[in-house]
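[1] Structure for the following, please:
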Amino acid sequence: MTENELSKIIVDACFQVHRELGPGLFESVYEECLYYELVQRGLLVERQKEIPVFYKEVKMEIAFRADLIVEKKVIVEIKSQEGIAPVHQKQLLTYLRLTDTKLGLLVNFNEALIKDGIQRIVNNL
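    A predicted model of the protein is given here:
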């Protein structure tokens, strides 16, 4: 399955979770529910995956944790905030570069309409 095919499934699952719960909950709640939705759809999903980073010749064991990694192809960064700041987009792009992943979805569940809270971030896709 391609990154774009996966993103359609992920976005649909985000719509389902947002329709069911609405805005205003903690990120951890949305992460748990989105994880459930994606697994129910038969996808391989890793939660809070520890990602090492190599700096010069030193391996930093836990440089960051990815909220969700779907099928080892799409990183999903979940937010529940008043708005997405430019730093959040840069953060996800850095995650994509460090993991050599091509597509990330930045999802802010704290929007009246979830379509306004989903951003695609690409790394050489």
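[2] Nearest the geometric middle of this protein, what residue?
    Centroid-nearest residue in the chain, with CA atoms, centre = their mean: residue 76, separated by 0.9 Å.
[3] which parts of stretch 6-24 are buried?
    Within stretch 6-24, the residues scored as buried using 16 or more other CB atoms under 10 Å are 6-7, 9-11, 13-14, 16-18. Bear in mind the C-beta positions are built from the backbone N, C-alpha and C, glycine included.
[4] Please disregard the earlier target; I meant stretch 94-106.
    The neighbour-count check on stretch 94-106 (16+ other CB under 10 Å) flags 94-96, 98-99, 101-106 as buried.
[5] One more: stretch 67-79?
    Applying a neighbour-count criterion of 16+ other CB under 10 Å, one finds 67-71, 73-79 buried in stretch 67-79.
[6] Could you please name the strands the longest strand seen in the chain pairs with and the direction of each pair?
    Taking DSSP state E as the criterion, the chain has its longest strand at strand 58-70. Applying DSSP bridges, strand 58-70 is found paired with strand 45-55 (antiparallel), strand 74-79 (antiparallel).
[7] Need the CA coordinates for the last one. CSV is fine.
    When you say that, I think you mean strand 74-79. Output of strand 74-79 as CSV, limited to C-alpha atoms (Å, rounded to 0.1, in the frame of the first residue of the first chain):
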residue,chain,number,x,y,z
VAL,A,74,3.4,7.3,7.6
ILE,A,75,4.1,9.2,10.8
VAL,A,76,1.0,10.6,12.5
GLU,A,77,1.6,13.5,15.0
ILE,A,78,-1.5,14.1,17.1
LYS,A,79,-2.4,17.5,18.7
